[in-house]
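Asks: Please find the sequence and the predicted model below.
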Amino acid sequence: MSKWLFFNQGRTIGTTSAEGGLILSDEELDGSARITLKRGKGHVSVSLIIYGWIDHTRFFTTDSDAQREYRAMKPAIAAMLNIIKMDDARDIKIWEAISDFVRRFP
């Protein structure tokens, strides 16, 4: 079973992202996906990158909402990666999984 690990051994936490937000949490799964929780001016964001597939960012007004969604997204990301990594996965199946994820986590 795969597990989330701190990205870059946690060295990014407390630093400023390229967009100017303070990185509160930053994790990576299997070298395939990264999820980052950032506090900006007037918002908190959760950014997801699935390397080679998508870059998806969500914005929230409260830390608690963003943290709740950050935690909720992680198992859904792992499930989506399972589909992407299937040997016989066709692009249409992968894009359906990505679309389902984005609908669930707009």
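Replies: Thanks, I have the structure now. Numbering: from 1, shown residues only.
Asks: so S45 sits in a strand?
Replies: Yes. Assigned with DSSP: H, G, I helix; E, B strand; the rest coil, S45 falls within a strand.
Asks: How about the contacts made by it?
Replies: Going by CB atoms under 8 Å, 6 or more residues apart in numbering, S45 touches G21, L37, K38, T57, R58, F59, F60, A66. To be clear about C-beta, it is placed using only N, CA and C from the backbone, and glycine gets the same treatment.
Asks: for the protein, what spans make up the helices?
Replies: All helices of the chain, identified by DSSP state H, fall at 63-84, 91-104.
Asks: Tell me which other helices or strands the last one touches.
Replies: Packed against helix 91-104 by the contact rule (3 or more CB pairs under 8 Å, 6 or more residues apart in numbering; DSSP states H and E) you find strand 54-60, helix 63-84.
Asks: Nearest to W4, out of the helices of the chain?
Replies: W4 lies closest, by CB to CB, to one member of these: helix 63-84, at 6.2 Å.
Asks: got the angle for the closest one vs strand 54-60?
Replies: Orientation of helix 63-84 against strand 54-60 (axes from the mean of the first three to the mean of the last three CA atoms, to 10 degrees) gives an angle of 160 degrees.
Asks: buried set for helix 63-84?
Replies: A66, Q67, E69, Y70, M73, K74, I77, A78, M80, L81, I84 (16 or more other CB atoms under 10 Å).
Asks: Adding distance to W95 and pLDDT, write the residues you listed out as a markdown table.
Replies: Shown next, in a markdown table, are the buried residues of helix 63-84 (distance: CB to CB, whole Å; pLDDT from 0 to 100):
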| residue | distance to W95 | pLDDT |
| --- | --- | --- |
| A66 | 27 | 98 |
| Q67 | 29 | 98 |
| E69 | 22 | 98 |
| Y70 | 24 | 98 |
| M73 | 18 | 98 |
| K74 | 21 | 98 |
| I77 | 16 | 98 |
| A78 | 18 | 97 |
| M80 | 11 | 96 |
| L81 | 14 | 95 |
| I84 | 10 | 93 |
